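Q: Sharing a model prediction with you, sequence too.
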Amino acid sequence: MSFSSEPIVNVIDASIFQENETILSSVNFAINKGEFVYLVGKTGSGKSSLLKTFYADIPLRLGDINIAGYSIKNIKPKDVPYLRRKLGIIFQDFELFNDRSVSDNLEFVMKATGWKDRAKIKKRAAEVLMQVGLGAVSGKMPFQLSGGEQQRVVIARALLNEPAILLADEPTGNLDPEVSQGIFDLFKQINKSGTAILMATHDFKLLEANPNRVLTCREGKLTDSEL
């Protein structure tokens, strides 16, 4: 696969903090458009903090991170929603609203990110549900779905604004192996369509079966399998 010369993520001498503690220091790497990259490391090694820094949930104090055309160090609060429209963020614990239907969950996100045309909202929600193989569940409540189905809804939600990159934090962590493989196959399909993916995972069997570039967080440093 050929990649654009302009990376979708560029991290230069960044230090990642959790409150006043340095979790990772002197981090340098880039991710190109259309790449699939794993992020691994023990619990507490900095994986989630790095992802949260990417979507401006944790401030960047040292170094530079440019992602999807935004400088994280200099980003203004009013620009954070626009940054997040360009990123698809996928959480391990789903974070769906259990008091509203699947389609209402998706429509809530679209309205929050600036969609206004009712017909276009309905059409896009239906498109992403079809894309993740859930065309028939739009009227169901999240608690009526299996864990794998809920994770597919979360992926659909992340795809709504056609992001340049998906940031996935342990997306198969709460799922059994067979369901995990189905979710991973879905990520591969999304990646083939041109969306870059950075996936934090503990699932080393998945890595062995589907080798890709690996970024490893260990003892305050990040190493890159390609260097």
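A: Arrived safely.
Q: Name the residue closest to the centre of the protein, please.
A: Among the residues of the chain, Leu167 comes closest to the average C-alpha position under CA atoms, centre = their mean, at 1.8 Å.
Q: Extract the C-alpha trace of the lowest-mean-pLDDT helix or strand in the chain and format it as PDB.
A: Counting by mean pLDDT, DSSP states H and E, the weakest-scoring helix or strand in the chain turns out to be helix 204-209, with a mean of 86. The C-alpha trace of helix 204-209 is given here as PDB (Å, rounded to 0.1, in the frame of the first residue of the first chain):
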ATOM      1  CA  PHE A 204      -0.900 -10.800  21.600                       C
ATOM      2  CA  LYS A 205      -2.500 -13.700  19.800                       C
ATOM      3  CA  LEU A 206      -4.200 -11.100  17.600                       C
ATOM      4  CA  LEU A 207      -0.800  -9.500  16.900                       C
ATOM      5  CA  GLU A 208       0.800 -12.800  16.000                       C
ATOM      6  CA  ALA A 209      -2.100 -13.800  13.600                       C
END
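Q: Show me which residues of it are buried.
A: Neighbour counts using 16 or more other CB atoms under 10 Å place Leu206 of helix 204-209 among the buried residues. Where you see a C-beta, it was placed from the backbone N, CA and C, and this is true even at glycine.
Q: before we move on, the earlier item: how near is the residue nearest to the centre of the chain to Ala136?
A: Here Leu167 is placed at a distance of 28 Å from Ala136 (CB to CB, to the nearest Å).
Q: Tell me the pLDDT of the residue nearest to the centre of the chain.
A: Leu167 carries a pLDDT value of 96.
Q: mind checking how far the residue in the chain sticking out farthest from the centre is from Val109?
A: Computed with CA atoms, centre = their mean, the residue of the chain farthest from its C-alpha average is Ala119, at 26.9 Å. Going from Ala119 to Val109 by CB to CB gives 17 Å.
Q: now do Pro81
A: According to CB to CB, Pro81 stands 11 Å off from Val109.
Q: These two: who's more crowded?
A: Using other CB atoms under 10 Å, the more surrounded residue of Pro81 and Val109 is Val109, with 19 against 12.
Q: which is the next helix or strand following the helix or strand that one falls within?
A: Per DSSP states H and E: Val109 is located in helix 102-112. On the C-terminal side of helix 102-112, the closest following helix or strand by DSSP H and E is helix 118-131.
Q: Buried residues in that following helix, which are they?
A: Using 16+ other CB under 10 Å as the test for burial, helix 118-131 gives Ile121, Arg124, Ala125, Val128, Leu129, Gln131.
Q: In terms of pLDDT, where does Gln18 sit?
A: At Gln18, the pLDDT value in this model is 85.
Q: Noted, bye for now.
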